[in-house]
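**Q** need coordinates for the below:
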Amino acid sequence: MQHLSRFAFACASLLLMMLALFLLTFGMFDLIRAVGQSWHTGRNAILQAISYVVIAVAVFDVAKYFVEEEVIQTSGKKSLGEARASLTKFITTIIIAVFIEGLVGVFETSTSEPAAILYPASLLVVATFIVLSLGAFQRMSVDAEREKKKVGGGEE
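**A** Below you'll find the model as predicted:
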């Protein structure tokens with residue numbers, strides 16, 4: 001069953017990586033086409049291309065995370081520190097993507113539809129909440145590691 005699971009994660013990861021590449025390619029072609037039409041259209045296409053790049057990087061990072069954690073990782077147990085570092089790295093990529101998407105949305109809506117700024121602003125609030133949650137998780141997991149070391153027979 002473990003081999004089947006690894007194979008499924010490997011296939012899903014490859015598919016996600018290809019889709020991220022297609023998204024980057026689409027964004028670049030769309031940007032080149034838009035700049036050829038007019039500078040105003042090109043400005044909007046640049047913001048859209050930034051969104052595509054950020055989303056593609058986040059999708060690629062998810063795929064990389066799957067490969068590292070589910071396909072390559074051979075040991076069944078990880079230390080609390082390794083698990084925390086791995087999850088922190090993954091969540092940080094998502095946080096960056098949400099922040100950039102929110103900022104791009106603010107720039108897009110502020111020039112064309114100022115009334116529609118609520119959605120990108122809510123993305124920024126959500127990203128901030130995720131950062132705070134990650135900080136709380138870090139604090140609790142470090143405390144749990146210290147407690148485990150104390151109970152387990154001394155500090156290293």
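**Q** any low-confidence regions in the protein?
**A** 74-78, 153-156 (pLDDT under 70).
**Q** just want the most central residue of it.
**A** Of all residues in the chain, the one closest to the mean position by CA atoms, centre = their mean is Ile94, 2.6 Å from it.
**Q** distance of that one relative to Tyr65?
**A** For Ile94, the distance to Tyr65 equals 10 Å [CB to CB, to the nearest Å]. C-betas here are computed from N, CA, C, even on glycine.
**Q** with Thr25 instead?
**A** Distance check for Thr25 against Tyr65: by CB to CB, it reads 22 Å.
**Q** which one's more surrounded, these two?
**A** Neighbours were counted for Thr25 and for Tyr65 using other CB atoms under 10 Å; Tyr65 has more, 18 against 12.
**Q** and the helix or strand that contains that one, how far from the chain's centre?
**A** Tyr65 is part of helix 39-66 when elements are defined by DSSP states H and E. Its chain's average C-alpha position is 11 Å from that of helix 39-66, according to CA atoms, centre = their mean, to the nearest Å.
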